[in-house]
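Asks: Here is my input; please provide its structure:
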Amino acid sequence: IRFYSPEVVRTKPTEEEIKQRVLKVCASYDKVTADKRLILPLERCYSSKPPLTLKLITDRVLLVLKLYDKVNPDKLTLDSHFINDLGLDSLDHVEVIMAMEDEFGFEIPDGDAEKLLKPADIV
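Replies: Residues are numbered from 1 along each chain as shown. Below you'll find the model as predicted:
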């Protein structure tokens, strides 16, 4: 059994003391971050990559189509019709649209996807 002198024994802090400690820690944290210039700028940074150009988009669309196993890369041009020229069926068309959604990171509504029948339409 250990015995402590009365000076060492802690009493339970009051709610006001806890609030003061928390405020003191927050204030010191704010001072440290301000001193180290860790305050975030008041501007938004949307991307660190260069903007997409029409040529880059075209190249990516054609690359995705060339990698699709049912597309003959020799027949593929920007004006190739998916069904008439490349011989794809409606299910293949849906898969191509889904591949484009994955490549570019956004969803194409079904009504718009039905109108995308050539690589040029996608671009």
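Asks: C-alpha only now, for contacts and for neighbours.
Replies: Noted.
Asks: for this structure, which residue is closest to the average position?
Replies: Relative to the mean C-alpha position of the chain, the nearest C-alpha, by Cα atoms, centre = their mean, is the one of G105, at 7.9 Å.
Asks: Does anything pack onto the host helix or strand of D92? Which helices or strands?
Replies: Assigned by DSSP states H and E, D92 belongs to helix 90-104. Contact here means 3 or more Cα pairs under 8 Å, 6 or more residues apart in numbering; DSSP states H and E; on that basis helix 90-104 packs against helix 54-67.
Asks: Could I get the buried residue list for the helix it packs on?
Replies: 60-62, 65-66 (16 or more other Cα atoms under 10 Å).
Asks: same question, stretch 20-29
Replies: For stretch 20-29, burial by neighbour count (16+ other Cα under 10 Å) applies to no residue.
Asks: What of stretch 81-98?
Replies: Buried-residue list, stretch 81-98, by 16+ other Cα under 10 Å: 81-82, 86, 88, 92-93, 96-97.
Asks: can you give me the strands in the protein?
Replies: With DSSP state E, there are no strands along the chain.
Asks: Quick check: which ranges of it have low pLDDT?
Replies: Counting by pLDDT under 70, the chain has low-confidence residues at 1-10, 28-48.
Asks: Name the nearest residue to L86, sequence neighbours excluded.
Replies: V71 (6.3 Å; Cα to Cα, 6 or more residues apart in numbering).
Asks: Distance check, the one you found against I18.
Replies: Here the criterion is Cα to Cα, to the nearest Å. By it, V71 lies 69 Å from I18.
Asks: do the same with G87
Replies: Between G87 and I18 the computed distance is 73 Å (Cα to Cα).
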